[in-house]
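K.L.:
Turn this into a model:
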Amino acid sequence: MTTNISTEQEVFTGTDGRFQADEKRLINCAQVDVNQLMPIKYQWAWEHYLNGCANHWMPTEVPMNRDVETWKSGRLTDDERRVIMWNLGFFSTAESLVGNNLVLAIFKHVTNAECRQYLLRQAFEEAVHTHTFLYVVETLGLNESEIFNMYREIPTIAKKDAFEMELTAEVLDPDFVTETFEGRQTFLKNLIGYYVIMEGVFFYSGFVMMLSFHRRNLMTGIGEQFQYILRDETIHLNFGVDLINGIKSENPELWTSEFQEAMIERVRTAVELEIEYAESCLPRGVLGLNAALFRDYVQHVADRRLQRIGLPIQYGSSNPFPWMSETIDLSKEKNFFETRVTEYQAGGSLSWD
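P.N.:
Residues are numbered from 1 along each chain as shown. A predicted model of the protein is given here:
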């Protein structure tokens with residue numbers, strides 16, 4: 001497509017001389033389109049934005065008194081304390097990596113206004129999540145330097161973070177563009193790494209571990225916050241899947257068999273890194289959890305992610321934690337919002353995966 005502005009203006013107008021929604025594209029649209037929110041073409045993006053706004057929360061709204069009492073009481077074993085600290089260490093850095101990639105790469109190259117509107121909302125939510133981990137660390141009186149340096153010092157966390165950096169390195173290059181076939185395919189690869197792997201696979205063993213405390217009525221303040229984060233992340237994943245599938249639909253030439261095989265291999269690598277992390281975090285098993293269960297769970301989650309972007313399942317593993325499905329399906333959580341001053345809106349209308 002030509003980059004001549006006058007030509008773009010001619011192309012992106014209808015018989016009445018005004019901008020037409022049909023001319024919108026998810027990537028590589030004319031610059032004039034970036035700020036043209038109305039008329040909306042991708043209604044799914046706007047719905048995700050509205051759902052995100054309806055789910056607003058802040059960590060400081062969640063009381064932590066019982067968590068502090070439990071943490072200082074000695075009720076938790078050393079293994080249980082390590083699970084909490086390691087997951088705080090992983091999530092605190094991972095959310096920063098997610099936010100940086102979102103703001104510095106994805107937002108720049110997505111050229112649709114309604115998608116950008118959602119990305120702005122998601123960027124704020126990533127900041128809230130980072131705030132959450134800082135709030136928990138400060139409230140429990142943990143060593144901030146220890147928690148926030150685990151991504152350098154714990155080998156299995158460092159491996160996951162290094163893989164995340166590799167997934168995003170190409171599109172963070174200031175000279176990266178999506179105007180070529182290679183550039184568009186690289187951007188699609190980044191989105192799959194970002195949404196399917198980072199948001200859709202790497203976070204979920206941590207969610208199981210942290211929410212297992214909540215199921216036992218332990219560390220309920222942290223558990224409530226992780227439920228809110230899980231709710232946010234589910235919408236992030238749903239948006240990412242829609243964006244990936246939308247770009248595939250508009251650019252079918254990118255979806256080559258070689259590319260599909262490469263994406264499957266990336267997911268398989270991520271699965272092994274996540275399982276390795278679970279094994280090192282749970283060397284003896286706690287909370288009714290063990291590394292073998294996490295292998296099945298991570299493989300199950302990965303299969304679901306692959307299916308949603310049109311790739312074949314790889315494992316066929318069953319879900320050993322069926323209660324996680326109920327946790328994600330918030331319409332079944334009757335008391336989920338009891339501690340909130342303001343109840344979330346439209347919770348029962350959302351669709352979860």
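
K.L.:
Report pLDDT for Leu26.
P.N.:
If you check Leu26, the pLDDT there is 73.

K.L.:
meant to ask about Ala30
P.N.:
Reported pLDDT at Ala30 in the predicted model: 61.

K.L.:
got it, and Gln345?
P.N.:
Value for Gln345, per-residue pLDDT: 39.

K.L.:
what bits of this structure have low per-residue confidence?
P.N.:
1-23, 25, 27, 30-38, 326, 328-353 (pLDDT under 70).

K.L.:
From Phe181, how far out is the most centrally placed residue in it?
P.N.:
Closest to where the C-alpha atoms of the chain average out (C-alpha atoms, centre = their mean) is Glu199, at 2.7 Å. Plainly put, Glu199 is 26 Å away from Phe181 if you go by C-beta to C-beta, to the nearest Å. C-beta: built from backbone N, CA, C; applies to glycine.

K.L.:
Also His56?
P.N.:
Counting by C-beta to C-beta, the gap from His56 to Phe181 is 40 Å.

K.L.:
When these two are compared, which one has more neighbours?
P.N.:
Neighbours per residue, other C-beta atoms under 10 Å: of His56 and Phe181, the larger number sits with His56, 15 against 11.

K.L.:
wait, what's in contact with the closest residue in space to Val208 that isn't next to it in sequence?
P.N.:
Spatially, and ignoring its direct neighbours in sequence, Val208 is nearest to Phe321 (5.6 Å; C-beta to C-beta, 6 or more residues apart in numbering). Contact analysis of Phe321 by C-beta atoms under 8 Å, 6 or more residues apart in numbering lists 208, 293, 297.

K.L.:
of all those residues, which comes closest to Glu258?
P.N.:
Glu258 lies nearest to Tyr297 out of the contacts of Phe321, by C-beta to C-beta, at 29.9 Å.

K.L.:
for that closest one, what are its contacts?
P.N.:
Contacts of Tyr297 (C-beta under 8 Å, 6+ apart): 204-205, 208, 317, 319-321, 324.

K.L.:
Any of the residues you listed buried? List them.
P.N.:
204-205, 208, 317, 320-321, 324 (16 or more other C-beta atoms under 10 Å).

K.L.:
which of these lies closest to Cys29?
P.N.:
Using C-beta to C-beta, those come closest to Cys29 at Tyr204, 33.4 Å.

K.L.:
residue contacts, Ile244?
P.N.:
Contacts of Ile244 (C-beta under 8 Å, 6+ apart): 188, 191-192, 195-196, 309.

K.L.:
Repeat that for Cys53.
P.N.:
Cys53 neighbours (C-beta under 8 Å, 6+ apart): Arg121.

K.L.:
What spatial separation is found between Phe148 and Thr93?
P.N.:
Counting by C-beta to C-beta, the gap from Phe148 to Thr93 is 7 Å.

K.L.:
The two: who's more crowded?
P.N.:
Remark: of Phe148 and Thr93, Thr93 carries more neighbours, 23 against 18, as counted by other C-beta under 10 Å.

K.L.:
Now the more buried one. Nearest residue, chain neighbours left out?
P.N.:
In this structure, Thr93 finds its nearest non-sequential neighbour in Tyr151, 4.0 Å apart by C-beta to C-beta, 6+ apart.

K.L.:
list the buried ones in the host helix or strand of that neighbour?
P.N.:
Element membership of Tyr151 [criterion: DSSP states H and E] is helix 150-153. Judged by neighbour count using 16+ other C-beta under 10 Å, the buried positions of helix 150-153 are 150-151.
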